[in-house]
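In: no sequence for this one, just the structure:
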């Protein structure tokens, strides 16, 4: 019980720190970063969030973006910022790296 409480507090502190630290960044969630014509918004820090914060159970049918492989990988938490219900949604929202853009030019 004590360890579970410690992990919860550790996750909570991480979320608070990242939300405060990211508040001043120019790429933070801002309405001006959205394209009204296509109804798409781009939040790059969402994809760089650690995929396993232990905020919920691990869902094998969900996907997370891996910055190591630059791909969407199966396994994510539903309540995590780097968790997406489908691989297509993960690719759509996290397809911002140079390697991803270069790969998409050839496909």
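Out: Structure received. Keep in mind it's a predicted model, so treat the numbers as computed, not measured.

In: For stretch 74-92, list every residue counted as buried.
Out: For stretch 74-92, the buried set under the neighbour-count rule, 16 or more other Cβ atoms under 10 Å, comprises 76-77, 80-84, 90-91. C-beta here means a position set from N, CA and C on the backbone, and glycine is covered the same way.

In: no wait, stretch 66-73
Out: 66, 71-72.

In: returning to what we had before: check the buried residues of stretch 74-92 and tell me the two furthest apart.
Out: 77 and 91 (18.6 Å; Cβ to Cβ).

In: re earlier: and which of the buried residues of stretch 74-92 is nearest to residue 45?
Out: Using Cβ to Cβ, the buried residues of stretch 74-92 come closest to residue 45 at residue 81, 8.0 Å.

In: Who are the contact partners of that closest one?
Out: Residues counted as contacts of residue 81 (Cβ atoms under 8 Å, 6 or more residues apart in numbering) are 45-46, 49.

In: Buried subset of those, written for ChimeraX?
Out: To isolate the buried members of the contacts of residue 81 in ChimeraX, using 16+ other Cβ under 10 Å:
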select :45,46,49
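
In: Low-confidence stretches in this structure?
Out: Filtered on pLDDT under 70, the chain yields the residue ranges 1-44, 96-107.

In: Of all the strand elements in it, which one is longest?
Out: Longest strand in the chain by number of residues (criterion: DSSP state E): strand 58-66.

In: List the contacts of it.
Out: Contacts to strand 58-66, defined as Cβ under 8 Å, 6+ apart, come from residues 47-48, 51-52, 71-78, 80, 82-87, 89-90, 93-94.

In: Give me the buried positions along that strand.
Out: When neighbours are counted by 16+ other Cβ under 10 Å, the buried residues of strand 58-66 are found to be 59, 62-66.
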